[in-house]
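Undergrad: No letters, just coordinates:
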């Protein structure tokens, strides 16, 4: 079946360091969405990418969609404690009847 | 405007019982999806309803069922509860049937089966 692989599962960083999570699909995606879930909270929609090669920025967050629309990344520059949480990607395929296929998430942990 | 409302927030049930969870989407949202989340397991898709019709279904046993009413409110039911059904159940709604503006999640119902 269709799968979206997300890596890494965890990333430990010192505050101020950068963070990146990657999502990969074996087949072309129609679009991809990114969500953030704070500890004890629920997922919150961050952004949707639709176009091949698209790059979008939200302050310190940079989202990219690959040229082939099979991969995507989220990069956070100079992490802060407020960035702690799990970041999920969710892709939609052309023939998926609009169903989102979720990555397993990457948990961002700030080292004390 | 009001967000996605899930009730109840917490629930404790005994193995073998059944449970019904409720979700009221944002006004105007016609798509409602349900997810199960357990520690370390990410988001497991249960089903999605759009305009009262089940459009997609995840790989869960038939004990898990749902429905959507004409006002877009949705319920999910789990019959013959098992200990492994203990989880956070999340509901998400979307403005369009394609979810192109993202999904808004509720705070979830935390179900504990003892």
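TA: Received it, and whenever you're ready, just let me know what you need. On a predicted model such as this, the values are computed, not experimentally measured, just so you know. Numbers count the residues shown, from 1 in each chain, chains lettered A, B, ... in the order given.

Undergrad: who's in contact with residue B:47?
TA: Listed by CB atoms under 8 Å, 6 or more residues apart in numbering or on different chains, the contact set of residue B:47 reads B:33, B:34, B:54, B:56, B:57, B:58, B:60, B:64, B:66, B:76. Backbone N, C-alpha and C define where each C-beta goes, glycine included.

Undergrad: Then residue B:67?
TA: Contacts of residue B:67 were listed using CB under 8 Å, 6+ apart, and they are B:49, B:52, B:74, B:75.

Undergrad: just checking, the third one touches residue B:32?
TA: So the one you mean is residue B:74. Yes. The criterion here is CB atoms under 8 Å, and residue B:74 meets it with residue B:32 at 4.2 Å.

Undergrad: Need the overlap of contacts for those two.
TA: With CB under 8 Å, 6+ apart, residue B:74 and residue B:32 have common neighbours B:23, B:25, B:49, B:68, B:91.

Undergrad: Low-confidence stretches in the chain?
TA: Let's take chain A. A:96 (pLDDT under 70).

Undergrad: not quite, I wanted chain B
TA: Across chain B (using pLDDT under 70), the flagged ranges come out as B:1, B:97-100.

Undergrad: Skipping adjacent residues, who's closest to the residue nearest to the spatial centre of chain A in space?
TA: Chain A has residue A:89 as the residue nearest its centroid, 4.0 Å off, counting by CA atoms, centre = their mean. Among residues not flanking residue A:89 along the chain, residue A:23 sits closest, at 3.8 Å (CB to CB, 6 or more residues apart in numbering or on different chains).

Undergrad: Do I have it right that the one you found meets residue A:103?
TA: Yes. Contact criterion CB under 8 Å: residue A:23 and residue A:103 qualify, at 5.0 Å.

Undergrad: what residues do the two have in common as contacts?
TA: With CB under 8 Å, 6+ apart as the test, residue A:23 and residue A:103 both reach A:4, A:5, A:6, A:89, A:91.

Undergrad: and residue A:76, how many neighbours does it have?
TA: 21 (other CB atoms under 10 Å in any protein chain shown).

Undergrad: looking at it, it is touching residue A:19, isn't it?
TA: Yes. Residue A:76 is within contact range of residue A:19, at 4.4 Å (criterion: CB under 8 Å).

Undergrad: Mutual contacts of these two, please.
TA: A:83, A:108.

Undergrad: Spatially, what comes nearest to the residue nearest the centre of chain B if we skip its sequence neighbours?
TA: Nearest residue to the geometric centre of chain B (CA atoms, centre = their mean): residue B:34, 3.2 Å. The shortest distance from residue B:34 to any non-neighbouring residue, by CB to CB, 6+ apart, is to residue B:46 (4.1 Å).

Undergrad: so the one you found touches residue B:74, yeah?
TA: No. With contact defined as CB under 8 Å, residue B:46 does not count as touching residue B:74 (10.8 Å).
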